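Enquirer: sequence and predicted model, in that order:
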Amino acid sequence: MSPLRTPRPTDGELAILRILWDKGPCTVRQVYEELSRDRDLGYTTALKLLQVMTDKGLTTREPVGVQQHAYRARYSQAQTQRQLLKDLLERAFGGSMPHLVMQALATKKTSPDELKEIRRLLAAHGQPPRKEDDDE
């Protein structure tokens, strides 16, 4: 049997998950207020998204008071990011980690601090540091 996979969230669901990861459990009203800062969105749309996310297993719902619920992300941000990255790695890069990394580095200018952190992570995963790293 294959390991349990976290459901793949849509872009709209990811926006809600970011709110829940940042703020912790939230009511529909709290999620709606955060989302409506950046986009034109109705309260019932936020409610429906949260209901769908709960049905998909992305969120959990807990009663808080009379006729009110708090929604919480079921999976951590790191778990969700890992699952999305695994999906992207397989679907877009045929499982090739080097191709994914090269495209990621080619997509956006990388700062010297970011490159230093990448090299540190590579060293922690058994890759020897490059000679020019010592010159920085």
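Expert: Yep, that arrived. Residues are numbered from 1 along each chain as shown.

Enquirer: distance-wise, check the residue nearest the centre of the chain relative to residue 6.
Expert: Against the mean C-alpha coordinate of the chain, by Cα atoms, centre = their mean, the closest residue is residue 81 at 4.1 Å. According to Cβ to Cβ, to the nearest Å, residue 81 and residue 6 sit 10 Å apart. Any C-beta I mention is one placed from the backbone N, CA and C, and that applies to glycine too.

Enquirer: what of residue 99?
Expert: Noted for residue 99: a distance of 24 Å to residue 6, by Cβ to Cβ.

Enquirer: which of these two has more neighbours?
Expert: Neighbours were counted for residue 99 and for residue 6 using other Cβ atoms under 10 Å; residue 6 has more, 18 against 13.

Enquirer: just give the number of residues close to residue 70.
Expert: For residue 70, the count of nearby residues is 19 (other Cβ under 10 Å).

Enquirer: in this protein, which ranges drop under the pLDDT threshold?
Expert: Applying pLDDT under 70 to the chain picks out residues 1-5, 127-136.

Enquirer: helices along that one, start to end?
Expert: Using DSSP state H, the helices found in the chain span residues 11-23, 28-35, 43-56, 77-93, 97-107, 112-124.
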